[in-house]
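Asker: Here is my input, please return the structure:
(one chain, ligands or ions: 1)
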Amino acid sequence: MIVEGIVTSLDAAGHLNVAPMGPIVVGDFASLLLRPFQPSTTFNNLAATRCGVFHVVDQVEIIAQAAIGRLSVLPAVERAVKIDGFVLNNCCRWFEFTVDSVDESDARSRMLSTVVHRGERRPFLGFNRARHAVLEAAILATRLHLLSRQHVLDMMSFLEPAVEKTGGHAEKSAFAMLKEFVLRHEPV
Ligand SMILES: Cc1cc2nc3c(=O)[nH]c(=O)nc-3n(C[C@H](O)[C@H](O)[C@H](O)COP(=O)(O)O)c2cc1C
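Answerer: Residues are numbered from 1 along each chain as shown. Alright, predicted model coming up:
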């Protein structure tokens, strides 16, 4: 099953990168198959350092902002326990992993990874339609090189009522930010 969350990784100089990623989760998070596209910072960092942290989160602002490069302030973090990396303070669960193999034969690479340490900060809030809608919209906003802008806007129009009906301020403003980003994108 694919679980959408956040990967933190470091470059060779130790700079932190935060990016939404959806690895295929094997078993009870025993291992992860990460599939970062080339080129992406996550791909470069994981290929170089061979370790990172995957986070299960239930707040979508960070996903929306990081997806479109609008994470102006890095989130609060603490040092990871078993790997050279950082854990988000604001997450539900985290999984520190080491990368066992990198298959870069396709633009979407495949990185088989082993979870070497895990932790839990707080329980998952629960399903919320607005948060799922923002998650979908964030994924759409990162696919503008593959999908037409009009198609993305049509899909976002379908998602918007769930945000309006079931979201709070955070979900509404994250969705509005994504919509503005898509509207500014030059049609291809
Ligand atoms: C929920 C979600 C899941 C994503 N999963 C992936 C993924 O598995 N692989 C990938 O390359 N990009 C994925 N993306 C898109 C990346 O997050 C996006 O391209 C981002 O800009 C990459 O950042 P980076 O260059 O800092 O690594 C996902 C986006 C979202 C919103």
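Asker: Now name the helix or strand holding the residue nearest in space to the middle of the chain.
Answerer: In the chain, the C-alpha nearest the mean C-alpha coordinate belongs to residue 20, at 1.0 Å (Cα atoms, centre = their mean). Assessed by DSSP states H and E, residue 20 sits inside strand 16-21.
Asker: same deal with residue 181?
Answerer: helix 169-184.
Asker: Spatially, what comes nearest to residue 139 if we skip its sequence neighbours?
Answerer: Nearest non-adjacent residue to residue 139, counting by Cβ to Cβ, 6 or more residues apart in numbering: residue 67, 7.4 Å away. Backbone N, C-alpha and C define where each C-beta goes, glycine included.
Asker: Test my guess that that neighbour contacts residue 137.
Answerer: No: the criterion here is Cβ atoms under 8 Å, and residue 67 misses it with residue 137 at 9.1 Å.
Asker: So for these two, which residue has more residues nearby?
Answerer: residue 137 (26 against 23; other Cβ atoms under 10 Å).
Asker: Against residue 61, how distant is the closest residue to the more buried one other than its chain neighbours?
Answerer: Nearest non-adjacent residue to residue 137, counting by Cβ to Cβ, 6+ apart: residue 178, 4.6 Å away. Distance, residue 178 to residue 61, by Cβ to Cβ, to the nearest Å: 11 Å.
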